Each structure stands twice: as C-alpha cells, then as structure tokens.
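Visitor: when you get a sec, could you give me coordinates for this:
(chains A and B)
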Amino acid sequence: MDFHLTEDQQALVSALQSILQDHGELPQGERLSYAYHHSGLQALLKASGFFDAAREMGALEAALIVIEAARLPVLVETGASALVAPMLLPANEGVDGPVALIAGRDLDKAHRNLPIATTALIDLGDDVVVLPVAAGAIETVKSVLAFPYGRFRRAPDLGAGRRIAGAGPKLRQWWRVAIAAEAAGAADSAVNFTVEYVKQRHVFGRAVGSFQSVQHRLVQCHAIARATYYMALRAAWSGESVHADMAACYVQQNVGRLLFDLHQFHGGMGVTTEHLLHFWTYRVRALQAEVGGVNDAARSVATKLWPAPTVAQQGRLVQAR
Amino acid sequence: MLQELKDLEPFRADVRAWLAANLPADWQDKMRGASEDEHVAFQKFWFRRMMEGGFGAPHWPKAWGGGGFSFAQQIVLYEEIARAGAPRLILYFIALHHVPATLLEWGTEEQRRRHLPAVLSGEEIWCQGFSEPNAGSDLASLRTRAERRGDRFVVNGQKTWSSNAHHAHFCLLLTRTDPKSSKTRGITYFILDLKTPGVTLRPIKQITGASHFNEIFLDDVEIPAENIVGQENNGWAVAQSTLSSERGLTILELAERMRVGFELLLSDAQSPAPAGGRLIDDDEIRRRLVDVHVRIQALRFLVNEMLMQVLRGGKAGVEPSIIKIYYSELLRDFTALGVTIGGAGAQHLQAVLMGGGNETGYWMQDYLYSWAWTISGGSTEIQKNIVAERGLRLPREPQPAGAG
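Guide: Take a look at the predicted model:
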C-alpha cells in the first residue's frame, strides 16, 4: 500500500492540526498532573465534524484523526468515539461521546476514560453492550497513567443497554487499531520531545544528543514510533482483523523499550512529572495492557496466520517428508 | 567464602536473634501509607533501637560511639538486616555514611565534636547538596557560587535531587569559590545549616507521586569560614571521600533485599491467570521469573567478588560501575515483571511502604522508582563509558573541537 496521504486526507489532517495547535494547550495549573482531559477541545472537534470522518470518509481517515489528537499532551478522547464506535455501530446510529471501551470480564475494575464517558462499549466476548453512562454512576480511581480512570460504583445493569449480538470480535479489532493509532501519535510526540531535549541539554561540555549511545537508541525509538504509525494505518485501511492484531502486538511489545529510553535520556527529570513527557508515555503505557495485551494479540496473529493443519494437509505434509 | 566469614557464624546468630527480638513484627503494616511525620518518627525509633543494640553505626570507630565492626562483621550484619526485611534507614543515609567518611578524613576536631555525636543521637539528619540543574553526572561543572567576605562566605545558586532535605538540619554543600578555575579545581566543600536565612526548599514531584527529592535555592546565604571542610578550593578531593564512603555494603544490602523480594514476586505469580490456571503456569511468566532469579544469583556473585577484594585490602576498580549497571537494569526488569504479574490492577495508586526496600510488592511504584536507579549516582551511560575506558581500555569517545 501507498502511505502517501491523498489531497483530501492531507486537507483533513491540516485542518485538524490547525485546531489542535490553537486549542490544545495544557493549562499551566495542570502541568504537574498525571492526565488532563480537555473537554473544550473535545466539544470543538465534535462540533467541527471530525467524529463523523469514519462514516463520511473511512476508517483510515478516522485513524489519522486519532493519531493527530494523540500528539497533544492534553487528552481528547478520539480512539473510541471517532474510530471504534462508528466502525462498530450501524450507520444510522449515532453515539454520544466520549466513549469508554470496557472488557466485560473486568467490569468491576477501573477503566480508562470512564469518568469522562457518556457511553460505554462493553466487550462480553461474543456480544457487545452499548451502555449509556449516567452521571454519578462512576467513581474516579487515582492512577499515574495519563488517562482518567474510573469504576462503576455499583455493577451496571447491562440489560439497560443495547446488546449487539456477535459484535465482540469486531469491537476488539477496532479497539486494537485505535490502540495502535493513539500509541503512534503519542510515541511520535514523546520521541520528538526527547530529541529536542537532548539537543539542548549539555553534559561534559557537549549536547547529550551528541553521544552515540544516546543517538542509536533514539533512532530505534523513532523507528518504533514510525513503524507503529504504518501498522496502524495499514490496519485501518485494510479492515483485516489480523492486521489490527499485528499493529497492537507490535506496539504493545515495544512500549517498554520506548518508555525506558525516553525517560532515561531526560536524566533525573525523567523520573519526575515536572516536564511533559509522561503525558504521552503514560498514555502509551496504559494502552499496552488493553484487549489482553501483547499476549492475546500475538496469540491471535498466530491463530489466524497459522491455523492447525487439517487432516488432509497433515497427510500431505507426511508424504512430502 | 573466606574463613573470616565462616568464623562469624556465632555473630550472625546473635544478630539474627537480636533482630527477631527487636524488629516490630507489624512495622510494614504500620508504615504502609504512613504520613511523612509517622515515617520520620519510626525511622528515629528504629535507629535508636539499632544503636541500643550496638548495630546502628557498625562502621563508625568506637572512639566516636560507633560499633567499630570489622568489614567482615559489617557484611554479615547487612545480610541479616536484609533477610529480616528490616526498614532501610534512608533518613540517616547521608548522616551515617557520608558525614563520618568526610569529617573523619577532612573535618576539624571541632566539626567532628559538634556533629558526630549528634548524628548518633538520632537528632541530626543530613542531606547532600552536590547536584545542580546543570551538573548531575557531570558534577564538576557545578556553578553554585561562594564568595569570601572576610570570615564568611556568601553563597548563591541552586542544588537539586537533594533527598530528604525537607527533614534535614544540615547539608554537605559543594560550591565554586574560584570561578576562574574550571571543572574540579576551585571547588570548596561546606557544612550548611539549613536554617540559615536565604535557604529555600522546593519539593520535586516524582513520577511515582511522592516527593523525596528537593531543590535547594541559595540566595545570599552566609556560611562562616569555619564550616569549610578541608581547604578552600580543595573541595573536589573532599567530595571523593564522601562518595566512596560505603565500600559496596549498600549494594550488598540491596542485593540481599532483592533475593528476599523475589519471594514476593513468586508468591504473586501464584495468582489466577485471566485465561485460567495460575500466572506461573504461563510459559512467558515462567521464563521471565527464571531469568530474574538467575540474574539475582549472578548479582550476588559480582557483589561477593567486590567485597572480597575490599576484605583482602584491595581497591575495587571498575567493579562498582559494573555492579551499578547490573543491579539497576535487573531491578527494572524485576519490577517490570511485577507490573506484568499485577496486571492492570497493579497500575492504580496504592499506599507506599515508607522505609521499605526497592521491592515492596506495590509493583507500579517499585517499577517507576527503579528508573531512578539507572540515573542517580552516575547514569548507566556514564558507568558504561567508565567500564569501557578504564576496564576494557578502549579509546575515549572523540572530543569535538572546542568542547570543554
């Protein structure tokens, strides 16, 4: 596939970037926070129609929106509202965002974006439940991860939601694409932020970034971020579930390396919240664990690519040997 | 192991019995989520109790109220402290290790009399004022300025990463007294009373949520000349004594604590796995557990070898650098496995065990804190350069023209 954006896609990205640039600033008072959800920007993107891109243009365009929004230190929930929900729900069914994606087997645990969500998509394995989230039903859980986390005060009544039979696999597929897209944008920002830092920071009379030991590892980090971007775009474009598995598997596998090096190159500042780095890295870190993490993603790839041979195939293999 | 250590088995039994009788069995319950005040009170209590038992200052000379223990005895003591899971006396680390090493070698009699007994009484807590925003691994580029005005010095500048400064009374302070001299020359070492006007502290918020470190701002702070340690402009040599004070015993204690902490990891791995069975039944988890387990043993061999060199009267060469790299990377992988085993539930903020080791079982905080270990005390990258240049005798990295 050709990763060169079309004119329409470029226009979409530029329009989005100019809004994000003007409205995506982190308030001074939030600089030491772990996460900051920008509700104003969320509303603005919705009003400007960016959440309709998946249906009006396609999943690839929606993924581009998720990637661009994830470049900001502030949080706007796009992965679930702009990509997963529109790809999952029937075309005539709107969804009220922000949306939280929830693994049904861990219903009692804390979930990403639940405190800001108005809708939850609950993965019950085979089926999916679309559940409106009532104000006051959620309690916030404190976390270092750069998303708001919350849990249901009482077990939610799943009967109050709408059940979509057989939608589980599709939910997990687009959830994985959203993970890769969001991680791609955030990782790219984190790498760029670190590259700027090591250019400015001097030790032993030279820029930290002039040491080869730093350069080589930063190049690897950059490669991880770029590869994630391409994997996410391919999965969004093809709509193949195994591509979604691969994209999530790739980034979930490589997150640890990325995070450690980027924080390490910030020296002592890297273990504080007194810079912006964690706003990106701790989002990626949170995404690492979702939809079963790298283990489930890898198993899914293996099962789809290399299913157990049929009896007939086995017979042919024995003959061939 | 050397005969000298074997001969200490009766001593080991004494230490073990004393710890069993004196360490409050519920200390971890009480210190999990304890406030700063409760933490300080408990550290004071435990230090005094250790002093009463004769184990609080094992490496200090008897003449100054310490235990006067042989190096071999200290090895045994730290092993037993770690195995008992006793609190780390982190509040007293600088006071117990850096202060005597510095003052006994370079201090005046008056400075020793003023401070050493006060440290052992448990009342005097110290911090370190070495690192600056632009002088960390490259400490010799420090710029905090001290200017002589008669019998006093006026200090202006900023220090950072000062652990526990918010509890400390005094600070070991490095300043530049001769701005014309560069790097290691023209540095003077002071004792700074933190109550002096012009000293301002600002806590640094760590990624774990805690604030153990501080920035220290120094604005026209006056220090009497009698508080110089060593000679004016000779502070770099004094600082070397400070930094080489504990001769591998801290890493021994940490390696032993890690071995104990591994049991915690192993026990958490017995938890049910999301897809059925126990986590430890998963091949990936098993493989990582074995990897960490084997590396803990290798760490102990590295530490033993270094201690034996010191015990035989030799000087450790690049071994401390190798061990620092090895320990900090192992700690990171160890705690990362804890986070994996803990799953998403291990990522929420929980109560921290105050005064605990580096493996408390609150894996997210342990993991995040492990990142400080690849930075502090000379980053992994610097340590690798040291080993490459001084150990493997590889050529130095090229210096760009005009670089200082």
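Visitor: next, count neighbours for the residue nearest to B:L8 when sequence neighbours are not counted.
Guide: Of all residues not flanking B:L8 in the chain, B:V76 sits nearest, at 5.0 Å (CB to CB, 6 or more residues apart in numbering or on different chains). Every C-beta, even on glycine, is put in place using the N, C-alpha and C of the backbone. By the criterion of other CB atoms under 10 Å in any protein chain shown, B:V76 has 21 neighbours.
Visitor: CA atoms of the helix or strand hosting B:V76 as CSV?
Guide: Secondary-structure assignment from DSSP states H and E places B:V76 in helix B:71-84. What follows is helix B:71-84, C-alpha atoms only, in CSV (Å, rounded to 0.1, in the frame of the first residue of the first chain):
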residue,chain,number,x,y,z
PHE,B,71,34.4,-5.3,57.4
ALA,B,72,33.5,-8.9,57.6
GLN,B,73,31.2,-8.3,60.5
GLN,B,74,29.5,-5.5,58.6
ILE,B,75,28.9,-7.9,55.7
VAL,B,76,27.2,-10.3,58.0
LEU,B,77,25.2,-7.6,59.7
TYR,B,78,23.8,-6.1,56.4
GLU,B,79,23.0,-9.6,55.1
GLU,B,80,20.9,-10.3,58.2
ILE,B,81,19.2,-6.8,58.2
ALA,B,82,18.1,-7.5,54.6
ARG,B,83,17.0,-11.0,55.3
ALA,B,84,14.9,-9.9,58.2
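Visitor: show me how far it is from its chain's centre.
Guide: Centre-to-centre, helix B:71-84 and its host chain are 16 Å apart (CA atoms, centre = their mean, to the nearest Å).
Visitor: and that helix, what's buried?
Guide: Across helix B:71-84, burial judged by 16 or more other CB atoms under 10 Å in any protein chain shown covers B:71-82, B:84.
Visitor: residue boundaries of the helices in chain A?
Guide: Here chain A has its helices, by DSSP state H, at A:7-23, A:39-47, A:53-56, A:59-70, A:85-88, A:168-200, A:212-238, A:241-264, A:277-287, A:293-305, A:311-320.
Visitor: if we can go back for a sec, tell me the helix or strand right after the helix holding B:V76.
Guide: In N-to-C order, the element after helix B:71-84 by DSSP H and E is helix B:93.
Visitor: name the helices or strands packed onto the very next helix or strand once past that following helix?
Guide: Next helix or strand after helix B:93 toward the C-terminus (DSSP H and E): helix B:99-106. Using 3 or more CB pairs under 8 Å, 6 or more residues apart in numbering or on different chains; DSSP states H and E, the elements in contact with helix B:99-106 are helix B:109-120, strand B:228-229, helix B:235-243.
Visitor: please redo it, this time with the cut-off set to 10 Å
Guide: Where contact means 3 or more CB pairs under 10 Å, 6 or more residues apart in numbering or on different chains; DSSP states H and E, helix B:99-106 is packed against helix B:109-120, strand B:170-176, strand B:187-193, strand B:228-229, helix B:235-243.
Visitor: alpha carbons only: can I get the first one in PDB?
Guide: The reference is to helix B:109-120. Extracted C-alpha coordinates of helix B:109-120, given in PDB (Å, rounded to 0.1, in the frame of the first residue of the first chain):
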ATOM      1  CA  GLU B 109      38.200  18.400  65.600                       C
ATOM      2  CA  GLU B 110      35.600  21.000  66.300                       C
ATOM      3  CA  GLN B 111      33.400  19.900  63.400                       C
ATOM      4  CA  ARG B 112      33.700  16.300  64.400                       C
ATOM      5  CA  ARG B 113      32.800  17.100  68.100                       C
ATOM      6  CA  ARG B 114      29.900  19.300  67.000                       C
ATOM      7  CA  HIS B 115      28.300  16.800  64.600                       C
ATOM      8  CA  LEU B 116      29.300  13.200  65.000                       C
ATOM      9  CA  PRO B 117      27.700  12.600  68.500                       C
ATOM     10  CA  ALA B 118      24.600  14.500  67.300                       C
ATOM     11  CA  VAL B 119      24.200  12.100  64.400                       C
ATOM     12  CA  LEU B 120      24.400   9.100  66.600                       C
END
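Visitor: may I have the residues that are in contact with the closest residue to chain B within the stretch 1-150 of chain A?
Guide: In the stretch 1-150 of chain A, no residue comes nearer to chain B than A:K142, which is 4.1 Å away by CB to the nearest CB. Residues counted as contacts of A:K142 (CB atoms under 10 Å, 6 or more residues apart in numbering or on different chains) are A:Y34, A:A110, A:Y149, B:G209, B:H348, B:L349, B:Q350.
Visitor: from A:Q200, how far out is it?
Guide: Distance, A:K142 to A:Q200, by CB to CB, to the nearest Å: 33 Å.
Visitor: let me know whether A:V128 touches A:M87 as I believe.
Guide: No - in this structure, A:V128 is not within contact of A:M87 by CB atoms under 10 Å, at 11.9 Å.
Visitor: who has more neighbours out of these two?
Guide: Neighbour totals were compared for A:V128 and A:M87, and A:V128 leads with 27 against 21 (other CB under 10 Å).
Visitor: what's the closest non-adjacent residue to the more buried one?
Guide: Distances taken as CB to CB, 6+ apart put A:A167 closest to A:V128, at 4.1 Å, once the chain neighbours are dropped.
Visitor: what's the spacing between that neighbour and chain B?
Guide: Distance of A:A167 to chain B, given as CB to the nearest CB, to the nearest Å: 21 Å.
Visitor: and the helix or strand harbouring B:V310 with helix B:71-84, angle?
Guide: In this assignment (DSSP H and E), B:V310 forms part of helix B:283-311. Orientation check (axes from the mean of the first three to the mean of the last three CA atoms, to 10 degrees): helix B:283-311 against helix B:71-84 gives 160 degrees.
Visitor: low pLDDT regions in the stretch 201-350 of chain B?
Guide: Along the stretch 201-350 of chain B, segments meeting pLDDT under 70 span B:246.
Visitor: can you do 80?
Guide: B:245-247, B:274-275, B:315-316, B:344-348 (pLDDT under 80).
Visitor: get me the contact residues on it for chain A.
Guide: Applying CB under 10 Å from any CB of the partner chain, one finds that the stretch 201-350 of chain B approaches chain A through B:204-209, B:211, B:213, B:215, B:273-275, B:282, B:284-285, B:329, B:332-333, B:336, B:339-340, B:343-350.
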